[in-house]
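1. Predicted model follows, preceded by the sequence.
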Amino acid sequence: MADQVQFELVAPERLLLSEPVDMVVVPGSEGDFGVLPGHAPLISTVRPGVIETYSGKAVKDRIFVAGGFAEVTRERCTVLAEEATPLADLDRAAIEAQARTAREDLGLAKDAGERAAAERSLAVAEAKLAILQQAGR
């Protein structure tokens, strides 16, 4: 397996994916980064965006993550995601409703905690909508 990276995607409810891949691209908070076999070890926060796994030069999986943490070693890339959804499962109408609710919650926020939660929910919904827009959906 020296020519592949073991990729694991873990969401709060379960292990979503565990398989060897040729490359994985992660939306890090400092920018996207690709992980190939032999990558230098690192730990990064993950921003809302899409994780892409590759088989050869072709994208195998595209999964939206709402944020989290990534740990990379020479042989492995593990992403602990706050939320993860395959791109094919994203529902525009449901996401637009989530964004409307977050905007309403933002306007009704009584304290900094409520405001931060609403801002986070809105940021995730807007990231999902931007990705759907890029995908032409």
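-> Ah, there it is.

2. Any stretches of this protein with poor pLDDT?
-> 1-2 (pLDDT under 70).

3. how is it carved up into domains?
-> Domain assignment for the chain by automatic domain parsing gives 5-87, 90-134.

4. Pick the most deeply packed of those.
-> domain 5-87 (a mean of 17; mean count of other C-beta atoms under 10 Å). Placement of C-beta: from N, CA and C, glycine included.

5. For residue 19, which residues are in contact?
-> By C-beta atoms under 8 Å, 6 or more residues apart in numbering, residue 19 lies in contact with 6, 7, 53.

6. and it, what helix or strand is that in?
-> Residue 19 is located in strand 14-21, with elements delineated by DSSP states H and E.

7. Residue 94 too?
-> helix 92-108.

8. and the lengthiest helix in the chain, what other elements does it pack with?
-> Secondary structure of the chain per DSSP state H: the longest helix is helix 112-134. With contacts defined as 3 or more C-beta pairs under 8 Å, 6 or more residues apart in numbering; DSSP states H and E, the packing partners of helix 112-134 are strand 49-55, strand 58-65, helix 92-108.

9. hmm, try it at 6 Å
-> Helix 112-134 makes packing contacts with helix 92-108 when contacts are defined by 3 or more C-beta pairs under 6 Å, 6 or more residues apart in numbering; DSSP states H and E.

10. which other residues reach the helix holding residue 94?
-> The contact list for helix 92-108 (C-beta atoms under 6 Å, 6 or more residues apart in numbering) reads 118, 121, 122, 125, 128, 129, 132.
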